[in-house]
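>>> I would like the atomic coordinates for the input below:
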Amino acid sequence: MKISKLFAITLQTKNRLIFFIVASIYNLLLGLYLKDFLVLSQTLMVFYLLSVLPSLFLVVEIKSIVMRIAVYISLILVACMNIIYAIYCRRVFPFLALISLVIVFMYFIVFNSNKGKDRLLIKIFVLVSSAVILFLLFSAYIFVYKQEDVFLTNGQATLWDTKTAEIADEICTDCNTDEEKVKAIYEWMIHNFEYDYEYNPVIQYFNIHKTLRTHKGVCYDFAHLFASICRSHNIPCFVVDGDKRENVQYHHTWNRVYFNGSWWNVDITFDTIQIQNKDELYGFREINNAYLLDKEYYITKIY
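Model (predicted):
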């Protein structure tokens, strides 16, 4: 073997290992950042694994065009699912996961220049890894679009962690029934939070840490926080988005929660403002079902 060719192979192997190490360190740091969420959210765990597994393609040297195509297809599908998840569920995490995919993409596009035949074990490794990624993609699709008990789901637009669960336990310490828990959560929120009139987001998404830290937010934040705490106690709770019938430019978000055999409308944002103004509260208003039309708003989404 020529010295120049041996040098090229050695250099490419070093590049591959460097990219693998960088991707692994990034995913480790991302996992540490998300650890309190990953414990409670199966949805987020699936998407985190979709960030980690593609980096395994850097473990082996892939030479054949067919195997590279399999890798590219896997990476593209994962990227598309992350973007769909980010848009549909208003989550920022998928964009963080895309960084790991970019690292893998960069290696294969810029540095993986060797061509030839792959060993059987490498083919099996690539195909098995691709199959696992496809299974996770199917699971991600189920979590995003086909989740049946979405009113209890942790990981879509509503996301909570172990610290949130601890807060929920403290709020509901002396409560025995779901009704007592729901009303305790409601009272805690309307007396401890205030509407943030200066909030002007470019992209609106629910950041539970920020909402709990500042005790401020808009209707979107309050509705998802209320849903998070209720769901953490296994109490069915929907978040509802709507446009005001008299002015469709006015958007609002509230909740529909289930207890005592009935669904109830509750508007945390409205009552938070009413408490400050010492006006009449909206409270809890019983409805026939969770998907009932609203007289004041055109409902755009129930989730």
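
>>> any low-confidence regions in this protein?
Residues of the chain meeting the criterion pLDDT under 70: 1-12.

>>> immediately after the lengthiest helix in it, which helix or strand?
Across the chain, the helix with the greatest residue count (assigned by DSSP state H) is helix 3-38. Sequence-wise, the next helix or strand downstream of helix 3-38 (DSSP states H and E) is helix 42-52.

>>> Could you list the buried residues of that next one?
By neighbour count with 16 or more other CB atoms under 10 Å, helix 42-52 contains the buried residues 43-52. Any C-beta I mention is one placed from the backbone N, CA and C, and that applies to glycine too.

>>> Am I right that residue 253 falls within a strand?
Yes: Residue 253: assigned to a strand according to DSSP: H, G, I helix; E, B strand; the rest coil.

>>> looking at it, it is touching residue 220, isn't it?
Yes: assessed by CB atoms under 8 Å, residue 253 is found in contact with residue 220 at 4.7 Å.

>>> For the two, work out which one has more neighbours and name it.
The residue with more neighbours, out of residue 253 and residue 220, is residue 253; 25 against 22, by other CB atoms under 10 Å.

>>> Could you check how far the more buried one is from residue 127?
45 Å (CB to CB, to the nearest Å).

>>> Residue 288 too?
Distance, residue 288 to residue 127, by CB to CB: 52 Å.

>>> and the two? which has more neighbours close in?
Taking other CB under 10 Å, residue 288 and residue 127 do not tie; residue 127 has more neighbours (12 against 8).

>>> For the more buried one, pull up the helix or strand it's in.
Assessed by DSSP H and E, residue 127 sits inside helix 120-145.

>>> now that helix against helix 42-52, angle please.
Interaxial angle, helix 120-145 versus helix 42-52 (axes from the mean of the first three to the mean of the last three CA atoms, to 10 degrees): 150 degrees.

>>> Can you give me the buried ones in helix 120-145?
Buried residues in helix 120-145 (16+ other CB under 10 Å): 122-123, 125-126, 129-130, 133, 136-137, 139-140, 143-144.

>>> Show me what it is packed up against.
Secondary-structure packing of helix 120-145 (3 or more CB pairs under 8 Å, 6 or more residues apart in numbering; DSSP states H and E): helix 42-52, helix 65-89.

>>> What's the first helix or strand after the longest one?
In this case it means helix 65-89. Heading C-terminal from helix 65-89 (DSSP H and E), you reach helix 93-106.

>>> Could you export that next one as CSV, CA atoms only?
Presented in CSV, the C-alpha positions along helix 93-106 are these (Å, rounded to 0.1, in the frame of the first residue of the first chain):
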residue,chain,number,x,y,z
PHE,A,93,-35.5,20.9,22.0
PRO,A,94,-35.7,19.5,18.5
PHE,A,95,-33.5,22.3,17.2
LEU,A,96,-30.9,21.3,19.9
ALA,A,97,-31.1,17.7,18.7
LEU,A,98,-30.5,18.8,15.1
ILE,A,99,-27.0,20.0,16.1
SER,A,100,-25.9,16.4,16.6
LEU,A,101,-27.3,15.4,13.2
VAL,A,102,-25.4,18.3,11.6
ILE,A,103,-22.2,17.0,13.1
VAL,A,104,-22.8,13.5,11.5
PHE,A,105,-23.8,15.1,8.2
MET,A,106,-20.7,17.2,8.1
